[in-house]
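**Q** Please find the sequence and the predicted model below.
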Amino acid sequence: MCAVSDGTAFCPGPVSRRSFLEVGGAACGMGLAGLLEAQAKSAVPGGGGKDTSVIFVWLPGGPPHMEMYDMKPEAPSEYRGEFMPIKTNVPGMEVCELFPRHAKIADKYNIIRSIHHGFADHGGWHKR
């Protein structure tokens, strides 16, 4: 808790008050730019862009990606899953044979394969 009664330090801790204000000011400035841009686009007819939706599927303890969307049928048996890939309606894209409905609508979603992190553990990168 911050103490002001003794007058020595407003917010004691590992971060100085000056550093806190500098970082906070920079963060507000970055957020303000995005807000002003969004307001400007909404003021122009048709300038807001297309509405989109995102469904983020997080399955802690769920099946591994190698058995869902990143199948490697040519990999050695200790790395690949037991299921086979099936073709989708997008050329060159395959999904697990357990997802025939996903295969039919593959042109309606994206698979992001560029996410990476530098942490050695597998649990928690999404919380940092």
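**A** Structure's in. What do you need? Numbering: from 1, shown residues only.
**Q** contacting residues for the closest residue to Met84 other than its chain neighbours?
**A** Nearest residue to Met84 in three dimensions, chain neighbours excluded: Glu97, at 5.1 Å (C-beta to C-beta, 6 or more residues apart in numbering). Heads up, the C-betas are built off the backbone N, CA and C, glycines and all. Glu97 sits next to Phe83, Met84, Pro85, Ile86 when contact means C-beta atoms under 8 Å, 6 or more residues apart in numbering.
**Q** give me the beta-bridge partners of the third one?
**A** Read it as Pro85. Cys96 (DSSP bridges).
**Q** Tell me if I'm right that it and Val95 touch.
**A** Yes: Pro85 lies in contact with Val95 (C-beta atoms under 8 Å); the separation is 6.7 Å.
**Q** Now for those two: what residues contact both?
**A** With C-beta under 8 Å, 6+ apart as the test, Pro85 and Val95 both reach Met71.
**Q** For these two, work out which one has more neighbours and name it.
**A** Shown here are Pro85 and Val95; by other C-beta atoms under 10 Å, Val95 has more neighbours (22 against 19).
**Q** State whether the more buried one and Ala103 are indeed in contact, as I suppose.
**A** Yes: between Val95 and Ala103 a contact is recorded at 5.4 Å, counting by C-beta under 8 Å.
**Q** Overlap in contacts, those two.
**A** Ile86, Thr88.
**Q** which residues touch the closest residue in space to Val90 that isn't next to it in sequence?
**A** Among residues not flanking Val90 along the chain, Ala106 sits closest, at 4.4 Å (C-beta to C-beta, 6+ apart). Neighbouring residues of Ala106 by C-beta under 8 Å, 6+ apart: Thr88, Asn89, Val90, Met93, Val95.
**Q** swap the cut-off to 6 Å and go again
**A** Residues near Ala106 by C-beta atoms under 6 Å, 6 or more residues apart in numbering: Thr88, Asn89, Val90, Met93.
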